[in-house]
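Visitor: let's see this in three dimensions:
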Amino acid sequence: MAPRLGLALPLLLIAAACGERRDIAEVAAGVAPFTELRGLNIAALRVGEVRAFRRGAAPAPLEGMRERIGEYDVLYGVTHHEGLDGSWPPEDHQVLHVEAAREFPSDSAAIAEWESTLRTIRNVTGATPHCLRVVGPGFTLRVVEFDRGGGWRLSTTVAPAVRLTNRRTLSTRHSVAVRHGSLTERFPAEGAENPDDVPTWERIDCPGLAP
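Guide: Below is the predicted model:
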């Protein structure tokens with residue numbers, strides 16, 4: 001049965017028009033592949049709008065929705081979604097982050113792309129970088145966040161290849177994300193109480209990126 005978006009979508013668009021408008025491509029400083037998402041209002045983006053305008057999007061269990069744009073795996077994250085049966089999140093649920101990740105054949109290639117992206121963002125936005133290290137079981141992320149106003153952050157990360165216990169290897173990954181709120185609000189700081197054993201963060205210097 002085809003999804004019934006006829007009534008829900010106009011209501012979503014009307015609600016978006018009445019509130020803040022933040023074009024996701026502008027918040028992301030024109031970094032690929034967010035240029036392909038131009039026209040989506042991240043400040044009021046709902047599941048129903050993604051389904052209507054991004055025909056390649058599909059349900060992503062425990063996360064929200066995702067699609068492939070060129071070499072990027074693009075995730076539209078929502079909260080309180082299980083979807084283990086392949087179901088879509090409810091159409092009125094807000095998308096709170098959009099992350100585009102790309103795999104690289106080597107750490108050096110990923111770091112070079114990450115550094116190029118950082119320079120682009122800094123040159124386009126003039127925003128002050130805030131640098132973090134996020135550490136979890138078996139992985140370490142280098143993260144740089146830029147405040148884009150209205151509670152929105154533009155972040156870019158790089159993670160080296162990881163050798164898993166089953167002898168599989170997770171490739172080096174570089175990502176760019178637009179999200180509401182900082183990762184420092186999502187995870188505890190290093191050394192803080194962490195009863196759920198979730199990843200932790202610590203602030204680090206931003207060599208070559210300081211104002």
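
Visitor: show residues contacting stretch 82-89.
Guide: Under the criterion C-beta atoms under 8 Å, 6 or more residues apart in numbering, residues P3, V47, R51, P59, A60, P61, L62, G64, M65, V78, H81 lie in contact with stretch 82-89. Glycine gets a C-beta too; all of them are placed from N, C-alpha and C.

Visitor: and if you look at stretch 31-43?
Guide: If you take C-beta under 8 Å, 6+ apart as the criterion, stretch 31-43 is touched by 16, 19-25, 27-28, 49-50, 53-54, 69-70, 72, 74, 95, 98, 100, 117, 120-121, 150, 152, 156, 176, 178.

Visitor: try 7 Å
Guide: 16, 19-25, 27-28, 53, 69-70, 72, 74, 98, 100, 117, 120-121, 150, 152, 176, 178 (C-beta atoms under 7 Å, 6 or more residues apart in numbering).

Visitor: coming back round to it: among the contacts of stretch 82-89, name the ones in helices.
Guide: V47, R51 (DSSP state H).

Visitor: quick revisit: kindly write the ChimeraX command that selects the buried subset of the contacts of stretch 31-43.
Guide: For the buried members of these, the matching ChimeraX selection, counting by 16 or more other C-beta atoms under 10 Å, is:
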select :16,22,24,25,27,28,69,72,74,98,100,117,120,121,152,176,178
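
Visitor: just the pLDDT for A210.
Guide: The model reports A210 with a pLDDT of 48.

Visitor: now A60
Guide: On the pLDDT scale, A60 gets 97.

Visitor: so what's it up against?
Guide: By C-beta under 7 Å, 6+ apart, the neighbours of A60 are R66, L75.

Visitor: pull out the buried residues from the one helix or strand A110 maps to.
Guide: Assigned by DSSP states H and E, A110 belongs to helix 107-125. Residues of helix 107-125 classed as buried: A110, I111, E113, W114, E115, T117, L118, T120, I121, R122, T125 (neighbour count, 16+ other C-beta under 10 Å).

Visitor: same list (these) but as a markdown table, adding pLDDT and distance to G138.
Guide: Converted to a markdown table, the buried residues of helix 107-125 look like this (pLDDT from 0 to 100; distance: C-beta to C-beta, whole Å):
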| residue | pLDDT | distance to G138 |
| --- | --- | --- |
| A110 | 93 | 17 |
| I111 | 91 | 19 |
| E113 | 93 | 23 |
| W114 | 93 | 20 |
| E115 | 91 | 24 |
| T117 | 94 | 25 |
| L118 | 93 | 25 |
| T120 | 93 | 30 |
| I121 | 95 | 28 |
| R122 | 93 | 31 |
| T125 | 94 | 33 |
